[in-house]
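Engineer: Let me see the structure of the following:
(chains A and B)
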Amino acid sequence: MRLENFLSNRKSAILNRWFDRTIETYPEETARFLKSKKNRFANPVGHILSQELESIMEGLIKGIDLNTIRPCLDNIIRIRAVQEISASQAVAFIFLLKQIIREELEQEIQENRIGKELLELETRIDELTLLSFDIFMQCREKIYDLKANEINKRTVRLLQRAKLVVEDTPETAPNQF
Amino acid sequence: MADIKVPSPDELSQIKHSPPLLKGWMSTPTVIKPGTYCYGAQPKNLEAVGFPNARPWNPLDADWKLPDNWKTIIIEGIRERISRFRSFHIFMDICVRCGACADKCHFFIGSGDPKNMPVLRAELLRSVYRREFTTAGKIFRKMVGARDLTEEVVKEWWSYFFQCTECRRCSVFCPYGIDTAEVTIIARELLNLLGLNIDWIAGPVANCFRKGNHLGIEPHAFKDMMDFFLDEIEGITGIRPEPTFNRKGAEILFITPSGDVFADPGTFTCMGYLMLFHQLGLDYTWSTYASEGGNFGFFTSHEMMKRLNSKMYAEAKRLGVKWILGGECGHMWRVVNQYMETMNGPVDFLEEPVSPITGTRFENASVTKMVHLVEFTADLIRNGKLKLDPSRNDHLTVTFHDSCNTARGMGFFEEPRYVLQSVCNNFFEMPEGTIREQTFCCGSGSGLNAGENMELRMRGGFPRANAVKYVQEKHGVNMLANICAIDRAALSTLMEYWAPEVGVTGLHELVANALIIDGEIERTTNLRGEPLGGETEEETEE
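Structural biologist: I've put the predicted structure just below:
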């Protein structure tokens, strides 16, 4: 429980550093934009990043089930999965948290007050990283699905008319929702 | 036009004239990666319309097989366009790089790539303009932002000018009124001189030129598809409309994007047109030759745009109609409203459009002789000419996406909302700053709705989707209405990625669902075969 207190006290410092380090992967001008604009519609990437990083950290501190953090991770990774970055870069922001916490709590660690709790937290962060990779893959697979589905949608009517495919039932037609 | 706000001297003085951006961009190489570019134009599609340098090429190859004199072609191409288009000349000179446009582009917001800032994207071309056409640029070179024209520069142009959808959102924020879309238009023209187009544009252009529509569908297949719609309509309403094709002497020629005829969910919108016209008893005809409202020529060159636009008017003349009614399309209306008069006008063989149902004279269309269907329908509703049961759309909670071309290109804001609110009971606007003149693009306009550049499209469409997701979570929105064929196709895919469970519809699909047709049987489903109405008002979310 000690770690939870330390983290809660330093929450805003840790979050600021986490956000800054995450956006360091973008070019300088872009990082400046992501940080400066507060409007969630004018700057959706910056907004989602700052909001969800906070939710993830809160979840970690409070020991919430990782699956409840999943939508927060999804919101971030869904963006990074289509940006000009590699798979490793897309999920690397999670690892940054370990380093930042170690830096922020350097004194407490040296005084050997939170060693075991910290190890447990870092294990959870590792689990979070694995979850992130699952989400990343799901997003990428979705992109491939979308490509295939579009081709299907463009031609399905013609194929139906030419009697080259069986008619879709309402349950399986591509545009049902 | 009276509403245009000219910046005051005070406001202009607030602009920082020190370039906030552009640091080191010239030395940042452009990398063309799968997922972010469209396939190069196939030679057969360039040859079909006489475009230059038709040859097989792959953007991932080092050698793009440019003609030997490519440099001269570009320089002379710029020179010619500077003399032809005063706007282009001015836009090359007057940008002060204040950066007001920088963060307004959906591609920049979604990608984080600084070269997608409109100011920097235009700078890719301006830098060459300075080097070749300004004294300062010739002497001081890099110091004044000038650079040599190299093959790498051409590749960079190709990459980034096909990452702009010409949506003009940036121009709304430019204190000097620079229309960056026009810079993209000219840059694409220049690239086209070297045979550097994309096949997603070149293919539809060739098809449209030869067969009348982007998909290259021939008359019998076009009519066959309509018959299919008639079967569906008859099954749902018990009424079988009787549209005519290529009928001489009809009062009105109706032209819509071919996407409405062949691609879901536009097909449901097309059924909506057929049902509305049937109920009105409209004296109109379809054409299987002018069977395309869209104009991808607009994304290649002014000349090609003119050639494709002219077929609509040639067909109207051949059939002897009085005026043209146009379906739900986006860039078709920008072409018609912005360029038509000087391109193919005057259209003295047609009459100023008058609604045969209400008698309303569409003075706004006195030059083009072409009325947008949404204006036409709004007028019908305003005059009480339609019997509507909006409760048939009660299973839908709808928001409206302003298409860039109709909104920013035509100032078309109220009519679609008026129609929408007349045919459905649950409507919620997306937040300010994301609609009307500040609407966010679908990310796939101007010929970029190919499949191979899906990642790019998802980035570009993210700001739009983000606003949709907000109203989805806040109000339970489950349907995104719009009046553009590219939107209908592109937004469907965009929603699947960013806001699953939100469907996409054309406005006239909703109109037709609500429309009470004389003599119809009791409807049990909507045009998609879903039960009508559904449970009403059962939102458990806040």
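
Engineer: From here on, just use CA atoms for contacts and neighbour counts.
Structural biologist: Fine.

Engineer: so which residue of the stretch 201-350 of chain B comes closest to chain A?
Structural biologist: residue B:263 (5.1 Å; C-alpha to the nearest C-alpha).

Engineer: name the element the nearest residue to that residue once chain neighbours are set aside belongs to?
Structural biologist: Distance criterion C-alpha to C-alpha, 6 or more residues apart in numbering or on different chains; nearest residue to residue B:263, sequence neighbours excluded, is residue A:154 at 5.1 Å. Per DSSP states H and E: residue A:154 is located in helix A:115-161.

Engineer: on contacts alone, who are the packing partners of that helix?
Structural biologist: When contacts are defined as 3 or more C-alpha pairs under 8 Å, 6 or more residues apart in numbering or on different chains; DSSP states H and E, helix A:115-161 packs onto helix A:44-62, helix A:66-80, helix A:87-104, helix B:219-237, helix B:259-262, helix B:454-475, helix B:485-498.

Engineer: Which residues in the fourth one does the neighbour count mark as buried?
Structural biologist: For helix B:219-237, burial by neighbour count (16 or more other C-alpha atoms under 10 Å in any protein chain shown) applies to B:219, B:222-223, B:225-227, B:229-230, B:232-237.

Engineer: what does it rub up against?
Structural biologist: With contact meaning C-alpha atoms under 8 Å, 6 or more residues apart in numbering or on different chains, helix B:219-237 is reached by A:158, A:161, B:239-241, B:245, B:261-262, B:271, B:275, B:288-289, B:520-527.

Engineer: can I get the CA coordinates of that helix in CSV?
Structural biologist: Output of helix B:219-237 as CSV, limited to C-alpha atoms (Å, rounded to 0.1, in the frame of the first residue of the first chain):
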residue,chain,number,x,y,z
PRO,B,219,-26.2,0.8,-70.4
HIS,B,220,-27.7,-2.6,-70.1
ALA,B,221,-26.0,-3.3,-66.8
PHE,B,222,-27.1,0.2,-65.5
LYS,B,223,-30.7,-0.5,-66.3
ASP,B,224,-30.4,-4.0,-65.0
MET,B,225,-29.3,-2.7,-61.6
MET,B,226,-32.3,-0.3,-61.6
ASP,B,227,-34.6,-3.2,-62.2
PHE,B,228,-33.1,-4.9,-59.2
PHE,B,229,-34.0,-1.8,-57.1
LEU,B,230,-37.5,-1.8,-58.5
ASP,B,231,-37.9,-5.4,-57.4
GLU,B,232,-36.8,-4.5,-53.9
ILE,B,233,-39.0,-1.4,-53.7
GLU,B,234,-42.0,-3.4,-54.9
GLY,B,235,-41.4,-6.0,-52.3
ILE,B,236,-41.3,-3.4,-49.5
THR,B,237,-44.1,-1.0,-50.6
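
Engineer: quick check: mean pLDDT across that helix?
Structural biologist: The average pLDDT within helix B:219-237 is 94.

Engineer: just checking, next helix/strand downstream of it?
Structural biologist: Using DSSP H and E, the helix or strand that follows helix B:219-237 towards the C-terminus is strand B:252-255.

Engineer: near chain A, which residues of the stretch 51-200 of chain B?
Structural biologist: Residues of the stretch 51-200 of chain B found near chain A (C-alpha under 8 Å from any C-alpha of the partner chain) are B:103-104, B:109-114.

Engineer: So which of these sit within helices?
Structural biologist: B:109-111 (DSSP state H).

Engineer: Take those residues and write them to TSV, including neighbour count.
Structural biologist: TSV is the format used below for these (neighbours: other C-alpha atoms under 10 Å in any protein chain shown):
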residue	neighbour count
B:109	28
B:110	26
B:111	26
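
Engineer: Serialize these to CSV and add fields for pLDDT and distance to residue B:138.
Structural biologist: Listed next are those as CSV, based on pLDDT from 0 to 100; distance: C-alpha to C-alpha, whole Å:
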residue, pLDDT, distance to residue B:138
B:109, 97, 34
B:110, 97, 36
B:111, 96, 34
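
Engineer: re the thing from before, select only the buried ones of the contacts of helix B:219-237 in PyMOL?
Structural biologist: Here is the PyMOL selection string for the buried members of these, based on 16+ other C-alpha under 10 Å:
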select buried, (chain A and resi 158+161) or (chain B and resi 239+240+241+245+261+262+271+275+288+289+523+525+526+527)
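
Engineer: quick one: contacts for residue 62?
Structural biologist: Just going to use chain A. Per C-alpha under 8 Å, 6+ apart, neighbours of residue A:62: residue A:4.

Engineer: again, but for residue B:416
Structural biologist: Residue B:416 is in contact with B:374-375, B:378, B:483, B:507, counting by C-alpha under 8 Å, 6+ apart.

Engineer: out of these, which one sits closest to chain A?
Structural biologist: The closest of those, once distances to chain A are taken by C-alpha to the nearest C-alpha, is residue B:507, at 16.2 Å.

Engineer: which one of the helices and strands packed on helix A:115-161 has the lowest average pLDDT?
Structural biologist: helix B:259-262 - the lowest mean pLDDT of those, at a mean of 90.

Engineer: Identify the residue spatially nearest to residue 140, adjacent ones excluded.
Structural biologist: The chain I'm using is chain A. In space, and not counting its chain neighbours, residue A:140 is closest to residue A:81: 6.5 Å by C-alpha to C-alpha, 6+ apart.

Engineer: The chain in question should be chain B.
Structural biologist: Per C-alpha to C-alpha, 6+ apart, closest to residue B:140 is residue B:146, 7.8 Å.

Engineer: for that neighbour, helix, strand, or coil?
Structural biologist: Secondary structure state of residue B:146, per DSSP: H, G, I helix; E, B strand; the rest coil, is coil.

Engineer: now it: how far from residue B:132?
Structural biologist: Distance of residue B:146 to residue B:132, computed by C-alpha to C-alpha, to the nearest Å: 8 Å.

Engineer: related to what we said a few turns ago, determine which two of the contacts of residue B:416 are furthest apart.
Structural biologist: Largest separation among the contacts of residue B:416 by C-alpha to C-alpha: B:378 and B:483, giving 13.2 Å.

Engineer: Between these two, which has more neighbouring residues?
Structural biologist: For residue B:378 versus residue B:483, neighbours defined as other C-alpha atoms under 10 Å in any protein chain shown are more numerous around residue B:483 (25 against 19).

Engineer: The residue nearest to residue B:263 contacts residue B:266, doesn't it?
Structural biologist: No - Residue A:154 lies out of contact with residue B:266 (C-alpha atoms under 8 Å); the separation is 10.5 Å.

Engineer: So if I had to pick from these two, which one is more boxed in?
Structural biologist: A count of neighbours by other C-alpha under 10 Å puts residue B:266 above the other of residue A:154 and residue B:266, at 29 against 17.

Engineer: can you tell me which residues contact that one?
Structural biologist: Residues in contact with residue B:266 (C-alpha under 8 Å, 6+ apart) are B:259-260, B:485, B:488-489, B:505-506.

Engineer: cool, residue B:431 as well?
Structural biologist: Taking C-alpha under 8 Å, 6+ apart, we find residue B:431 in contact with residue B:467.

Engineer: what about 10 Å?
Structural biologist: Counting by C-alpha atoms under 10 Å, 6 or more residues apart in numbering or on different chains, residue B:431 makes contact with A:41, B:439, B:467-468, B:470-471.

Engineer: So which of the residues you listed wins on neighbours?
Structural biologist: residue B:468 (27 neighbours).

Engineer: Tell me how many other residues surround the closest residue to that one other than its chain neighbours.
Structural biologist: Of all residues not flanking residue B:468 in the chain, residue B:430 sits nearest, at 6.6 Å (C-alpha to C-alpha, 6+ apart). By other C-alpha under 10 Å, 22 other residues sit near residue B:430.
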